[in-house]
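**Student:** Got a predicted model here, sequence first, then my questions.
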Amino acid sequence: MGQILLVRHGQASFGAENYDALSPLGFEQSRLLGEALGARGIGVDAVVHGTMRRHRETAETCAAAAGWSAEPSIDAGWDEFDFLSVLAMHPHEYGPEPTKAEFQRLFEEATEAWMAGVDRPYDETFADFAARVHDALERTVELATVGTVAVFTSGGPIGLAVAEVLADPGSLDTQLRGLWGRLNRMTVNSALTRVVSGSTGLNLLTYNDQSHLDAVAGAVTYR
């Protein structure tokens, strides 16, 4: 039986020139996760991360704190969807610099329209995003036949992977959007999701676990 650890990246630099870089708190969240995993004796046989800087920085920081030595590989299938492109396609009245609350509403409205398949010239449709993550998950399941694989990615791909696990196989197309919409709503930076792969297929052990942050005031963030 193999195990897949899906890790959401630490807090990125919201509002900064380069959103993709981890914030100082994002590095600390990643370090706390690594320390917690190391203290629990959780090792890995392989490490995978997406192509984004926040994925790589989270992977490097967590692995160093956990004492993992596996050489990471890169899989672009685990990249986040281009939410800036999705936001740009959605008409709104929040102005060029929305507040965090306005940004959250805009994000939810824009992704809802994108997920529903509203006819706009998106760089990547939701269906294409779902197919990309499905393929990445299949590649990771193959890797997990050798043991435990840690994947450092974003909230969107993690939500899709979990939605695939939870959906009725006979109703995947109709259930996937609704499940993903709910799972993607409140994901914690550096949270841990655990999936096992065995004779019955993929099964979810934990989702969005943030226990490594509980003892640190202000460490739980969503963006």
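**Tutor:** Perfect, I can see it now.

**Student:** And the strands in this structure?
**Tutor:** Secondary structure of the chain (DSSP state E): strands at 2-8, 46-49, 72-74, 148-153, 192-198, 201-209.

**Student:** Columns mean neighbour count, distance to residue 66 and mean pLDDT on top of the ones you listed, output as CSV?
**Tutor:** Heads up, the C-betas are built off the backbone N, CA and C, glycines and all. CSV is the format used below for the strands of the chain (neighbours: other Cβ atoms under 10 Å; distance: least, Cβ to Cβ, whole Å; pLDDT from 0 to 100):
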stretch, mean neighbour count, distance to residue 66, mean pLDDT
strand 2-8, 24, 10, 97
strand 46-49, 23, 10, 98
strand 72-74, 15, 13, 97
strand 148-153, 27, 9, 98
strand 192-198, 20, 11, 95
strand 201-209, 15, 15, 96
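
**Student:** Include distance to residue 18 when you put these into TSV, please.
**Tutor:** TSV is the format used below for the strands of the chain (distance: least, Cβ to Cβ, whole Å):
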stretch	distance to residue 18
strand 2-8	19
strand 46-49	18
strand 72-74	19
strand 148-153	18
strand 192-198	26
strand 201-209	26
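
**Student:** so what's residue 34 up against?
**Tutor:** 61, 62, 63, 64, 65, 66, 68 (Cβ atoms under 8 Å, 6 or more residues apart in numbering).

**Student:** Make JSON lines out of those residues and add pLDDT and neighbour count.
**Tutor:** Shown next, in JSON lines, are the contacts of residue 34 (pLDDT from 0 to 100; neighbours: other Cβ atoms under 10 Å):
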{"residue": "61", "pLDDT": "98", "neighbour count": "23"}
{"residue": "62", "pLDDT": "98", "neighbour count": "31"}
{"residue": "63", "pLDDT": "98", "neighbour count": "23"}
{"residue": "64", "pLDDT": "98", "neighbour count": "15"}
{"residue": "65", "pLDDT": "98", "neighbour count": "18"}
{"residue": "66", "pLDDT": "98", "neighbour count": "22"}
{"residue": "68", "pLDDT": "98", "neighbour count": "21"}
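
**Student:** Of those, which is the nearest to residue 19?
**Tutor:** residue 61 (17.7 Å; Cβ to Cβ).

**Student:** before we move on, the earlier item: minimum distance to residue 183: which of the strands of the chain has it?
**Tutor:** strand 201-209 (7.4 Å).

**Student:** The closest one pairs with which strands, and in what direction?
**Tutor:** strand 192-198 (antiparallel) (DSSP bridges).

**Student:** follow-up on the earlier one: will you turn the contacts of residue 34 into CSV that also has distance to residue 79?
**Tutor:** CSV is the format used below for the contacts of residue 34 (distance: Cβ to Cβ, whole Å):
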residue, distance to residue 79
61, 19
62, 18
63, 19
64, 23
65, 24
66, 23
68, 22
